[in-house]
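Asks: sequence first, predicted coordinates after that:
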Amino acid sequence: GFWIFDMALAVEARAGCCNLTSDNTAGAMPEVLAALTAAVEGTAPAYGNDGHTKRVNEMFSQVFERECQVFPVATGTAANALGIAACCKPWSAVLCHEGAHIHVDEAGAVEAAACGVKLIPISGPDSKLTAESVRAQIEATTRFGNFGGVPAVVSVSQVNESGLLYTLDELDAIGAIAREKGIRFHMDGARFGNAVEGLGCSPADVTWRRGVDVLSFGGTKNGCLAAEAVVFFAKAGSPLVEDFRLRLKRSGHMWSKMRFLSSQLLGYLGNPTDGAEAPWRKGARHGNKMAALLGAELAAIHATGGGEGVQLLQRVEANEVFLSLPPPVLEGVFTDGHTCLDIGALSGQKGKGELLRCVCSWDTKETELREFIACIRAHALSQPEERTDASGVPAEGVSVKAAPAEWPGLPAVPLNTKAVFSHPVSAATDPSLAMPVFCVRGATAGPTLLTLTGVHGDEFEPMAAAQDVYRSLNPKTMAGTWLCVGCTGVAGYLAANRLAPSDGKNLARCFPGCESGTYTERVAFALVRDFISLPEVAGMIDLHSAGKVARMVTLVGYNLFRDPQDAELGAASQALARAMAMPLVWGHRSDPAASAKSALNEETSGRTTLYGAYLQRKPAVYCETTGTGGIDEVDVQQYVAGVHRALAHFEILSPDHPSVTTGAPRLDTVDPPPAAWGMDASAAAKAFSGHLQSQNITPVGGIWRCRVKLWDTVVEGDLIGDISDHFGNELFQLRAQVPGTVVLLRHLARVEAGDFLAVIAPGTPTPSASQN
């Protein structure tokens with residue numbers, strides 16, 4: 001009965017341990033508490049006539065980019081019941097999934113609020129409705145007239161009850177059916193912030209632009225004390241809202257001191273004019289990030305010998321993780337003080353530990369979550385994995401032997417193998433500079449996806465991402481191979497320097513390399529000969545970051561070649577880039593012939609790893625992310641997710657694999673023809689080549705100050721930043737030469753003449769703060 005479920009939710013985690021039973025267990029955001037405290041002072045009109053409540057309507061209209069009618073309520077059940085009731089008559093029918101919260105978890109609230117309307121549950125996998133299932137149910141319900149109920153509303157949960165997200169295309173299709181049949185479209189957004197962050201789109205894109213009429217906007221799970229909102233995408237005076245205040249009053253949800261609800265929502269939404277990130281977006285992104293971390297670590301445990309009983313049951317798309325643990329492991333986790341929800345056992349539908357739910361929140365502590373993960377690992381593995389760093393000291397990370405076996409070449413690696421190898425650059429190169437090779441070869445044969453990291457020694461996120469991808473993959477679930485050179489420029493990495501100290505050369509400008517050349521040229525030669533040229537390699541990803549001196553958005557770039565004979569190769573590279581679905585997808589109009597002519601001229605845009613792939617006729621992309629010399633776990637997980645999507649693109653992983661998540665770029669753009677912006681071919685080759693350091697060079701040294709932010713849009717002539725000397729004299733102003741979006745900014749303030757300052761990509765992004 002319900003009391004059993006209630007008792008499970010009442011379990012407390014021990015201090016310092018994780019309580020993952022629900023995001024309802026988290027406290028309130030400081031911003032919410034501050035806004036509520038401010039509202040306590042003085043007096044204000046009652047029953048929603050106060051200034052706070054009026055501002056709520058204005059704020060939501062800004063967030064959703066259109067006029068909205070917003071009514072604060074205290075609970076999500078009230079938001080669902082009253083919002084749906086406004087769309088119904090007593091003889092109406094509401095279509096929802098059979099597992100929908102409004103159907104199984106709200107004690108008939110919708111039926112009560114709407115004077116006995118009928119909820120019609122629809123079955124379907126992944127807790128999702130489809131346009132086809134909705135159409136079929138409407139036709140079945142009305143086949144013999146209206147006595148079976150008149151369909152008036154279709155309701156979806158976003159995030160849904162399986163922790164998954166409706167894609168924009170899926171919502172479009174359901175919205176089209178609703179319009180065709182003349183019914184309203186309701187969205188239960190109890191975890192709406194997590195959904196927006198997971199999809200990487202704007203709030204408007206996931207709601208009214210898809211045809212949603214009414215949204216139950218959740219705040220409580222994501223940092224409010226107790227505040228939700230019924231949001232109608234309608235103008236004042238609409239039939240949907242004209243009597244809604246009476247519904248609030250009749251149901252007991254018209255607070256006399258409504259400002260104490262409204263002020264929470266104001267603090268939750270934040271001030272859109274102060275330039276700070278909105279608290280609701282920041283909190284939701286953190287919850288999603290923690291869930292992604294948990295999912296990746298569970299997959300890694302499962303792939304480890306002895307950890308097969310630890311299973312990720314569903315791909316992680318928001319802040320919920322569904323898993324199974326062997327009963328002894330679950331008992332050990334609970335005994336050690338951690339908690340999660342054993343949904344299967346509580347419902348009687350599964351055995352103990354067969355269906356668990358872990359929910360991360362805005363306030364989930366990464367240290368506690370890692371303790372939870374370590375606890376699962378310790379109880380799941382009969383012999384704890386021995387993990388060492390490069391010095392042999394036990395550490396968390398990839399299991400690397402003190403002297404890993406030398407890379408034997410891909411044909412010599414048997415199927416169903418997961419191993420780390422060492423690959424010497426050449427006989428003439430110091431053995432301590434051997435490159436690590438991660439190889440996960442599936443149970444069945446198939447294509448190979450090659451990934452390179454560490455081309456520049458001061459770019460650490462790609463190396464961390466490669467390690468996480470390696471840990472996450474299980475050969476048993478793969479049809480093909482993931483092959484990764486986990487640090488290509490080892491000499492630069494050991495010096496934490498972009499370039500190799502011995503020759504000062506840029507590995508990304510030395511392809512295809514030279515077998516008898518300098519250290520960096522030998523590395524490039526070895527990468528082409530031993531990896532890129534392998535016939536099994538179907539595509540290549542080169543992971544980078546902005547290094548120690550810059551910050552940039554997360555992007556995937558590719559070449560659309562100018563020569564028609566390269567069109568097929570360019571299209572294949574574009575398809576790979578779009579499959580990875582990074583926040584920025586950027587196509588460049590490159591000219592490999594010009595690169596070949598300029599042989600060893602490092603000032604050209606060519607001779608990159610992608611040039612090495614071009615010579616071998618391999619589709620290839622490069623990726624960039626934040627940088628600044630550290631490791632941002634959000635960036636790492638974006639890379640991990642992108643590699644998983646690429647593996648699915650080549651059908652090495654099934655698209656339905658739990659690790660394969662959806663993604664939506666904020667900007668998918670291609671460089672315009674040079675003439676479009678009044679440039680000759682030479683100028684455009686530098687400005688739009690993927691050679692990011694060739695744009696916006698400073699002619700002077702001094703103190704650099706940015707006047708824009710990443711993702712800002714600019715037009716020609718806009719101020720990007722300025723440089724002054726240490727006496728305060730302005731020396732130089734950098735203004736935009738072309739319109740577009742700011743995607744890279746120099747982070748290190750001290751600059752010298754010849755340093756790059758910023759990069760602008762063509763196009764305008766969708767409004768979102770969800771992705772870097």
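Replies: Looks like it came in fine.
Asks: doesn't Trp586 fall inside a helix?
Replies: No - assessed with DSSP: H, G, I helix; E, B strand; the rest coil, Trp586 is strand; it does not lie in a helix.
Asks: OK, contacts around it?
Replies: By Cβ atoms under 8 Å, 6 or more residues apart in numbering, the contact set of Trp586 is Leu555, Val556, Gly557, Tyr558, Leu667, Thr669, Val670, Asp671, Gly690, Val743, Ala761. Where C-beta positions appear, they are placed from N, C-alpha and C, glycine not excepted.
Asks: go on, Leu269?
Replies: Counted by Cβ under 8 Å, 6+ apart, Leu269 has contacts Met59, Phe60, Val63, Ala278, Pro279, Trp280.
Asks: any idea which of these has the most stuff around it?
Replies: Trp280 (31 neighbours; other Cβ atoms under 10 Å).
Asks: where does that one fall, secondary structure wise?
Replies: helix 279-303 (DSSP states H and E).
Asks: thinking again about what came up before, which of the contacts of Leu269 sit farthest apart?
Replies: Phe60 and Pro279 (14.7 Å; Cβ to Cβ).
Asks: what does the pLDDT read for Thr451?
Replies: pLDDT for Thr451: 98.
Asks: ok so it is a strand residue?
Replies: Yes - under three-state DSSP, Thr451 sits within a strand.
Asks: quickly note the distance from it to Leu410.
Replies: 14 Å (Cβ to Cβ, to the nearest Å).
Asks: again, but for Arg259
Replies: From Arg259 to Leu410 the distance is 66 Å (Cβ to Cβ).
Asks: about what we covered before: comparing Thr451 and Leu410, which residue is more hemmed in?
Replies: Taking neighbours as other Cβ under 10 Å, Thr451 and Leu410 compare with Thr451 leading, 26 against 19.
Asks: quick one, phi/psi of Ala152?
Replies: Main-chain torsions, Ala152, degrees, to the nearest 10: phi -130, psi -20.
Asks: and what of the one 5 residues further on?
Replies: Here the main-chain torsion angles of Ser157 (degrees, to the nearest 10) amount to phi -100, psi 130.
Asks: who are the neighbours in contact with it?
Replies: Contacts of Ser157 by Cβ under 8 Å, 6+ apart are His97, Ala100, His101, Ser127, Met187, Asp188, Ala190.
Asks: give the buried residues for the host helix or strand of Ser133.
Replies: Taking DSSP H and E as the definition, Ser133 sits inside helix 131-141. Using 16 or more other Cβ atoms under 10 Å as the burial criterion, the residues of helix 131-141 that qualify are Ala131, Ser133, Val134, Arg135, Gln137, Ile138, Thr141.
Asks: how far off centre is that helix?
Replies: Distance of helix 131-141 from the chain centroid (Cα atoms, centre = their mean, to the nearest Å) equals 33 Å.
Asks: who's in contact with it?
Replies: 93, 95, 120, 122-124, 148-149, 151, 154, 170, 173-174, 176-178, 181, 183.
Asks: switch to 7 Å and redo it
Replies: If you take Cβ atoms under 7 Å, 6 or more residues apart in numbering as the criterion, helix 131-141 is touched by 93, 95, 120, 122, 124, 148-149, 151, 154, 173-174, 176-177, 181.
Asks: where is pLDDT lowest across those?
Replies: Gly148 (81).
Asks: so who does Lys352 touch?
Replies: Here Lys352 is in contact with Pro327, Leu330, Asp342, Ala345 (criterion: Cβ under 7 Å, 6+ apart).
Asks: out of the residues you listed, which are buried?
Replies: Leu330, Asp342, Ala345.
Asks: and the first one, what does it touch?
Replies: Counting by Cβ under 7 Å, 6+ apart, Leu330 makes contact with Lys352, Gly353.
Asks: same question for the second one.
Replies: Shown in contact with Asp342 (Cβ under 7 Å, 6+ apart): Lys352, Gly353, Leu356.
Asks: secondary structure element for the second one?
Replies: In this structure, Gly353 is located outside every helix and strand according to DSSP H and E.
Asks: confidence score at it?
Replies: Looking at Gly353, the pLDDT reads 84.
Asks: cool, Val759 as well?
Replies: 92.
Asks: tell me what it is bridged to.
Replies: Leu744 (DSSP bridges).
Asks: shouldn't it be in contact with Gln695?
Replies: Yes - under the criterion of Cβ atoms under 7 Å, Val759 makes contact with Gln695 at 4.9 Å.
Asks: which one's more surrounded, these two?
Replies: Val759 (27 against 20).
Asks: dump the residue contacts of the more buried one.
Replies: Residues near Val759 by Cβ under 7 Å, 6+ apart: Leu692, Gln695, Asn696, Val743, Leu744.
Asks: could you check how far the second one is from Cys706?
Replies: Translated: Gln695. Following Cβ to Cβ, the distance that separates Gln695 from Cys706 is 15 Å.
Asks: number of nearby residues for Arg247?
Replies: 20.
Asks: buried sites along the helix or strand encompassing it?
Replies: Element membership for Arg247, per DSSP H and E: helix 244-250. By 16+ other Cβ under 10 Å, the buried positions in helix 244-250 come out as Phe244, Arg247, Leu248.
Asks: pretty sure the second one sits against Ala86.
Replies: Yes - A contact is recorded between Arg247 and Ala86 when judged using Cβ under 7 Å, the distance being 6.5 Å.
Asks: low-scoring stretches of the stretch 351-500 of the chain, by residue?
Replies: 382-404 (pLDDT under 70).
Asks: what about the helices in it?
Replies: Here the stretch 351-500 of the chain has its helices, by DSSP state H, counting those that start in this stretch, at 366-380, 461-472, 490-494.
Asks: so of the ones you listed, which one's packed in deepest?
Replies: Sort these by mean neighbour count, taking mean count of other Cβ atoms under 10 Å, and helix 461-472 sits at the top with a mean of 25.
Asks: helices or strands next to that one in the packing?
Replies: Of the remaining helices and strands, those touching helix 461-472 by 3 or more Cβ pairs under 7 Å, 6 or more residues apart in numbering; DSSP states H and E are helix 279-303, strand 435-441, strand 479-485, helix 633-649.
Asks: would you turn those into TSV with distance to Met540?
Replies: Below are these laid out as TSV (distance: least, Cβ to Cβ, whole Å):
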stretch	distance to Met540
helix 279-303	23
strand 435-441	14
strand 479-485	10
helix 633-649	10
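Asks: any idea which of the ones you listed gets closest to Thr518?
Replies: strand 435-441 (16.3 Å).
Asks: the closest one to helix 633-649, inter-axis angle?
Replies: 50 degrees (axes from the mean of the first three to the mean of the last three Cα atoms, to 10 degrees).
Asks: partner strands of strand 435-441, with direction?
Replies: strand 417-423 (antiparallel), strand 479-485 (antiparallel).
Asks: now the first one - C-alpha only, PDB.
Replies: To tie it back to what came earlier, the one meant is strand 417-423. The C-alpha coordinates for strand 417-423 follow below in PDB (Å, rounded to 0.1, in the frame of the first residue of the first chain):
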ATOM      1  CA  THR A 417      38.700  -7.400 -25.500                       C
ATOM      2  CA  LYS A 418      39.100  -4.300 -23.400                       C
ATOM      3  CA  ALA A 419      42.600  -3.300 -22.700                       C
ATOM      4  CA  VAL A 420      45.200  -0.500 -22.300                       C
ATOM      5  CA  PHE A 421      48.400  -0.700 -24.400                       C
ATOM      6  CA  SER A 422      51.500   1.300 -24.700                       C
ATOM      7  CA  HIS A 423      52.700   2.500 -28.200                       C
END
